[in-house]
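Curious how this folds, go ahead:
(3 chains)
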Amino acid sequence: MAIITLTTDFGTRDPYVGAMKGVILQISPGIRLVDLTHEISPHEILEGALALEAAAPFFPPGTIHLAVVDPGVGSPRRPLAIAAGGQQFVGPDNGLFSFLFCAGDWSAVRLEAPAYRLPAVSQTFHGRDIFAPAAAHLALGTPLEQFGPPVTDPVVISWPAARREGDQLVGEVIYTDRFGNLVTSVRVSDLETLGPASSLTVEVEEKEAGKLVGCYADLPPVGAGAVIGSSGRLEISVREGSAVAVLGARRGSPVRVRKQ
Amino acid sequence: MAIITLTTDFGTRDPYVGAMKGVILQISPGIRLVDLTHEISPHEILEGALALEAAAPFFPPGTIHLAVVDPGVGSPRRPLAIAAGGQQFVGPDNGLFSFLFCAGDWSAVRLEAPAYRLPAVSQTFHGRDIFAPAAAHLALGTPLEQFGPPVTDPVVISWPAARREGDQLVGEVIYTDRFGNLVTSVRVSDLETLGPASSLTVEVEEKEAGKLVGCYADLPPVGAGAVIGSSGRLEISVREGSAVAVLGARRGSPVRVRKQ
Amino acid sequence: MAIITLTTDFGTRDPYVGAMKGVILQISPGIRLVDLTHEISPHEILEGALALEAAAPFFPPGTIHLAVVDPGVGSPRRPLAIAAGGQQFVGPDNGLFSFLFCAGDWSAVRLEAPAYRLPAVSQTFHGRDIFAPAAAHLALGTPLEQFGPPVTDPVVISWPAARREGDQLVGEVIYTDRFGNLVTSVRVSDLETLGPASSLTVEVEEKEAGKLVGCYADLPPVGAGAVIGSSGRLEISVREGSAVAVLGARRGSPVRVRKQ
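Presented below is the predicted three-dimensional model:
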């Protein structure tokens, strides 16, 4: 049974996700549907890309990831299907899949063939009319090439990364999660260039945020600290509390890592 | 594998939806469950009906739609199963299924047979005790007639529609979605009686709201406009912004469409 | 097809639940996944336990309930798998499963065997690295004993209950649901010791809250009342309104039941 995951900024209150699932099940009744999230902030392409990048690798080979964060729906932005890393991805060509194009082999096509769209394509809901049918037909085994011509120049958005400044790493907060953890652009591989983890200390918004520790339970009872989060990024956290609230930080806040 | 969709005002935090799914899976282990939404505003029957009307048609023939927005649980309001449009519907007789009774053939029964209920029926949770078991037994192929006597006079609620006033259409906002779009009671078929789409302009709350355009990307960079939304209704939108916030409109706000 | 349910405090916006589902599907591709809730308040173990207690019994024998409310992740708290009541449970040993240990036979093991974990176990996300793989391997039929040594002294948290004071019952509000109903620690079996239901009246926060009635529709048009809720507990409710808002009560508010 093939798997299609769904990642959108549609929320779960409106009927949009339901309509997409109905379309998929009409075409590919045996499919297994898994929601990644529908709570991407409206139109926030980078946030959608980070969510996909964090969850997709845990799915089996052959999984199809349908992702729709699509402020340009109805404009000439291209609809894409992509094969990368043994999985397939379907969604708009607006940077949502940037992380695929910087990591190993990939191939992409423009979704054009009318046979793999709904008969009537609206100007406002390509998730239902173009992307959901494409994902369902991929799940049935239709080869990528049959959907349309190759795309070799997909849109790639600027991806937040850390940079070295002398013996410090400079990055930023890229995401804040439900627990108030500050996920940063600093990766574990960046940290390894700086020195042993136990010797590192972190600043956010130009203020001391604490030491790098092994896990949440090692955080100090008062104040903050940093851990290597579950997706291999430095995270700034408060023990059983919210680093967002305690440190007054948010997406875009500058982060600095240095030796003590 | 049969499909049961779920539409409720239960939210996703409380254990109510989980209990319903458990009951369904006990009776019909091979069923496929698809959430439409559980975020219908508490007790808002019309909102639930609009959600069902928007999503149900995209599901395959034979799909069973279980819908519970049920302020009258425990009162004498009738529990129903309905066959319409090649699908089946289960839920309370309070207007939630009004759209079915105005569109083509249907038949309905009152859910009475004890064999298709939980052994003990509470006074407060018919979703779990009556409606979930009925949906599961329908999925197993139990004919509609076996659930109870026919119902020929189901409750139909007043359905928001647009009316013609001279050379204008007058309607209202019936729903606001996650993106702040104002979904109106004006349908594309109403608009066609007025003139070419490119000549139409829209007012909301007695104030100019902009022209009718083809898609969100054609909206002006500043101010609002209107599009034909994905369910065939006129929607008032702001480009990459919220029409709710920009126009100060909400459910019930008056809408007027006229030629420029 | 085996069933794994999921109960967490992860919310549905972050990629954490998606990653857990991917891990499960890699190991056990034929599994059926059912979300109970991901909206447990962060780190609220009792709230998670109440949700599980309310929904789990409605699932078929053999169901595996994966529950992760885990403020102590990375600390020495034990990871558990438990067999109880014909079902299995997986999650941290922090009281989340207290209700199982007071009700009939159970057996538990500590999750230790590396074969049933991800190859690399992070210090911050045991839901993905330890608990999801364990649930998936249980679903494949791996016997409980193979996961690790027996645990005979699991953590049990204090469970809210009602007590008799003369001819009154004294309890508290333990949960408030989406409709604003106040779910209390008073069970129907407690009430039966006090007298006929029709003779009982309820106080919350030292103020009269109304009589015990049969169902929501029997509540008075104005003011509040009480019903036996769907999980067999006394609930204080307002007809088509919110008892939380009307009575100013919340979790922990004292509740008193007496004869009129």
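
C-terminal to the helix or strand hosting residue A:170, what's the next element?
Per DSSP states H and E: residue A:170 is located in strand A:168-176. Downstream of strand A:168-176, the next assigned helix or strand under DSSP H and E is strand A:182-187.

Could you check that following strand against chain C for contacts?
No: figure legend: strand A:182-187 not in contact with chain C (CB under 8 Å from any CB of the partner chain); closest approach 9.2 Å. (Glycine included, C-beta is placed from N, CA and C.)

Give me the neighbour count for the residue in the stretch 151-260 of chain A that chain B sits nearest to.
Nearest residue of the stretch 151-260 of chain A to chain B: residue A:178, at 12.9 Å (CB to the nearest CB). Other residues within reach of residue A:178, judged by other CB atoms under 10 Å in any protein chain shown, total 17.

what's near enough to touch the residue lying closest to it once chain neighbours are set aside?
Leaving aside its sequence neighbours, residue A:178 sits nearest to residue C:11 (CB to CB, 6 or more residues apart in numbering or on different chains; 3.9 Å). Residue C:11 is in contact with A:39, A:178, C:38-39, counting by CB atoms under 8 Å, 6 or more residues apart in numbering or on different chains.

How about the residue of the stretch 51-200 of chain A found nearest chain B: what's its closest non-neighbour residue?
Relative to chain B, the nearest point of the stretch 51-200 of chain A is residue A:74 (2.5 Å; CB to the nearest CB). In space, and not counting its chain neighbours, residue A:74 is closest to residue B:215: 2.5 Å by CB to CB, 6+ apart.

Next, find the distance separating the one you found from residue B:221.
Distance of residue B:215 to residue B:221, computed by CB to CB, to the nearest Å: 14 Å.

can you check residue A:87 too?
From residue A:87 over to residue B:221 (counting by CB to CB), the distance is 37 Å.

which one of the two has more residues nearby?
Here residue A:87 and residue B:221 are compared on neighbour count by other CB under 10 Å; more neighbours surround residue A:87, at 19 against 6.

Look at the nearest residue to that one once chain neighbours are set aside and say how many residues are nearby.
Taking CB to CB, 6+ apart, and ignoring the residues beside it in sequence, residue A:87 has residue A:63 as its nearest neighbour in space, at 4.9 Å. By the measure other CB under 10 Å, the count of residues near residue A:63 is 24.

wait, doesn't residue A:63 sit right on residue A:89?
No: here residue A:63 does not reach residue A:89: they are 9.5 Å apart, not a contact under CB atoms under 8 Å.

Look up how far residue A:225 lies from the residue in the stretch 101-250 of chain A positioned nearest to chain C.
Of all residues in the stretch 101-250 of chain A, residue A:215 sits closest to chain C, at 2.5 Å by CB to the nearest CB. Going from residue A:215 to residue A:225 by CB to CB gives 10 Å.

for residue A:245, same thing?
15 Å.

that older thread, any residues touching the strand holding residue A:170, and which ones?
In contact with strand A:168-176 (CB under 8 Å, 6+ apart) are residues A:46-47, A:50, A:160-164, A:182-186, A:190-191, A:193-194, A:204, A:233-234, A:236, A:243-244, A:249-258.

angle of it against strand A:182-187?
Counting by axes from the mean of the first three to the mean of the last three CA atoms, to 10 degrees, strand A:168-176 lies at 140 degrees to strand A:182-187.

Which positions in chain A make contact with chain B?
Chain A has residues A:9-23, A:25-26, A:29-30, A:33, A:42-43, A:71-75, A:122-125, A:128 near chain B, with proximity defined as CB under 8 Å from any CB.
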